[in-house]
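A.B. asks: give me coordinates for this.
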Amino acid sequence: MSIELVHVGFNNIIVMNNVIAIASPNSAPTKRTVQESKSKGLLIDLTNGRRTKAVIINDSGHVILSALTPETIVSRYRQLEPRSLQMEEPQLID
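C.D. replies: Numbering: from 1, shown residues only. So this is what the prediction gives:
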């Protein structure tokens, strides 16, 4: 199994193999998760002072804040997929 690295802004890179979820920071449960991880010392802030647009939850219990939207992070992850796994053009058979 290879390690899949994704750029999440400001020269910060995360290992996507360890990601459980990517959430928007607007809901109350997500805000509670961020506060709990901050009090436990498991919060990693990768926003460089910008507004938080994505909360990334890791399997180790760490919570990562990013200034990129969840959609942007997922699209960057999908670009890593090998060409053989991506959908191929249908071929016409005469």
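A.B. asks: which residue ranges of this structure form helices?
C.D. replies: Per DSSP state H, the chain carries helices over the ranges 28-40, 70-78.
A.B. asks: go through those and find the least confident stretch.
C.D. replies: Of all those, helix 70-78 carries the lowest average pLDDT, namely a mean of 94.
A.B. asks: list the contacts of L65.
C.D. replies: Contact analysis of L65 by CB atoms under 8 Å, 6 or more residues apart in numbering lists 25, 34, 43-47, 52, 54-56. Just so you know, the C-beta spots here come from the backbone N, C-alpha and C atoms, and that holds for glycine as well.
A.B. asks: try 10 Å this time
C.D. replies: The contact partners of L65, by CB atoms under 10 Å, 6 or more residues apart in numbering, come to 8, 25, 34, 37-38, 43-47, 50-56.
A.B. asks: cool, N17 as well?
C.D. replies: Residues in contact with N17 (CB under 10 Å, 6+ apart) are 1-5, 59.
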